[in-house]
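Novice: Everything below, folded, please.
(one chain, ligands or ions: 1)
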Amino acid sequence: MLVPLPDPFVDRLREIVPEGRFEAVLASFEEPPATGFHVNTMLRDEDEVLSVLEDEDVPMAAVEGVPGAYVVPADGRPALLASRPYADGHIYIQNVSSQLAPIALAPRVGDRVLDLCAAPGSKTGQLSMMVGKEGEVTAVEKARPRFYKLKANVYRQGATNVLPWMGNGAVYWRREPESFDRVLVDAPCSTEGRFRTHEPETTEYWSPRKIREMRSKQVKLLWAGIQALKPGGTLLYSTCTFAPEENEAVVAKMLNTFGDKIEIVDAGLPTSGPVAEQVTAGLTSWQGRDFPQALELTRRVLPNDVFEGFYVAKIAKRGSTVDSK
Ligand SMILES: C[S@@+](CC[C@H](N)C(=O)[O-])C[C@H]1O[C@@H](n2cnc3c(N)ncnc32)[C@H](O)[C@@H]1O
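Specialist: Numbers count the residues shown, from 1 in each chain. Presented below is the predicted three-dimensional model:
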């Protein structure tokens with residue numbers, strides 16, 4: 001059964017998406033998406049896992065420009081889910097857009113990373129692989145059932161350098177102010193980028209009120225993430241929604257609050273290949289409101305059969321902010 005998208009959502013989308021891309025974006029909500037995955041290199045060598053998948057005739061392709069990302073077409077998903085590497089936890093299923101956030105954040109081996117909205121732990125696992133045994137990922141999650149899911153996923157991925165913490169990410173920074181080399185704020189959002197017309201549950205809770213509610217949480221979480229970040233460190237803010245109130249407007253609010261203590265820098269997504277084809281610059285105005293020009297360095301990933309709709313903003317911290325509350 002196909003369920004129509006909410007009319008006010010479609011009207012807004014027409015204003016957000018560049019002209020000429022709108023019809024393709026709209027059509028993407030009707031297609032069953034390809035399944036993305038990455039190999040858990042903490043447990044197995046990537047080539048070894050890929051060769052097992054090949055032997056089991058799983059139809060897959062590497063995603064150019066996104067290290068470690070693979071996709072399986074919609075009709076190949078059952079084979080992937082029935083494969084040995086999936087059963088053994090050697091691969092992790094995750095949309096390619098979602099995989100872009102840790103890649104753009106680019107933590108180094110040995111870094112201390114804070115993952116402020118961590119469950120179910122897809123990005124925690126990637127971050128854990130990137131910092132290696134010399135580094136550490138503190139993974140914060142507020143919702144109790146989701147926290148246990150996070151812990152189970154971390155364990156299953158063999159991510160021994162992850163420290164899970166259950167609680168409100170908006171206050172975690174007080175335990176360790178300005179202590180992290182990298183911070184990921186993968187915020188709760190209105191999830192518009194994941195809408196599917198054949199899955200009614202994806203759209204049923206959408207409303208303009210939901211957008212306002214999410215924005216208020218996002219502002220608190222991003223503010224707190226900046227407080228936890230070391231001066232000289234980098235933060236990545238991401239959502240899987242199109243709503244500018246939850247994306248550019250949240251980042252603009254931080255520029256307003258912290259001034260030159262923070263700077264929006266290029267999000268660092270691939271500039272060629274399939275990602276680049278789906279990427280557009282962040283908006284510098286929305287419904288009569290102007291945002292600072294720097295917001296054009298943030299990035300929107302438009303959905304298609306491979307990518308879910310996604311937004312990323314990369315923030316460099318230039319000076320201490322703990323006294324500017
Ligand atoms: C978009 S999801 C995160 C997905 C996750 N980063 C991943 O890649 O698997 C947002 C998460 O933030 C959690 N959350 C919401 N409010 C929070 C808060 N104040 N502090 C910490 N976590 C929160 C939600 O329960 C949800 O699990």
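
Novice: count of neighbours near Pro145?
Specialist: By other CB atoms under 10 Å, the residues close to Pro145 number 9. Using the backbone N, CA and C atoms, a C-beta is placed for each residue, glycine as well.

Novice: does the helix or strand that contains it come close to the ligand?
Specialist: In this structure, Pro145 sits in helix 144-156 according to DSSP states H and E. Yes. Helix 144-156 is in contact with the ligand by CB under 6 Å from any ligand atom, via Arg146.

Novice: How about that helix, which residues are buried there?
Specialist: Within helix 144-156, the residues that qualify as buried are Arg146, Phe147, Leu150, Lys151, Asn153, Val154, counting by 16 or more other CB atoms under 10 Å.

Novice: how big is the angle separating the next helix or strand after it from helix 144-156?
Specialist: Next in sequence after helix 144-156, counting helices and strands by DSSP H and E, comes strand 162-166. Counting by axes from the mean of the first three to the mean of the last three CA atoms, to 10 degrees, strand 162-166 points 170 degrees away from the direction of helix 144-156.

Novice: Strand 162-166: partners in the sheet, and parallel or antiparallel?
Specialist: Using DSSP bridges, strand 162-166 pairs in its sheet with strand 136-141 (parallel).

Novice: With just CA atoms, put the strand it pairs with into CSV.
Specialist: Output of strand 136-141 as CSV, limited to C-alpha atoms (Å, rounded to 0.1, in the frame of the first residue of the first chain):
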residue,chain,number,x,y,z
GLU,A,136,38.5,6.1,22.9
VAL,A,137,34.8,6.8,22.1
THR,A,138,32.4,8.0,24.8
ALA,A,139,28.9,7.0,23.6
VAL,A,140,26.0,8.9,25.2
GLU,A,141,22.4,7.8,24.9
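
Novice: Let me see the mean pLDDT of that strand.
Specialist: Average pLDDT, strand 136-141: 98.

Novice: Show me what from this protein comes close to the ligand.
Specialist: 98, 117-123, 140-143, 146, 168-170, 186, 188, 217, 221.

Novice: Which ones among those lie within helices?
Specialist: The helices in this structure, assigned by DSSP state H, contain Ser98, Ser122, Lys123, Arg146, Lys217, Leu221 from those.

Novice: Considering the residues you listed, which possesses the most neighbours?
Specialist: Going by other CB under 10 Å, Lys123 tops these with 26 neighbours.

Novice: Pull the contacting residues for the nearest residue to Ala187 once chain neighbours are set aside.
Specialist: Excluding the flanking residues, the one nearest Ala187 by CB to CB, 6 or more residues apart in numbering is Gln218, at 4.5 Å. By CB atoms under 8 Å, 6 or more residues apart in numbering, the contact set of Gln218 is Val185, Ala187, Pro188, Cys189, Thr239, Glu246, Val250.
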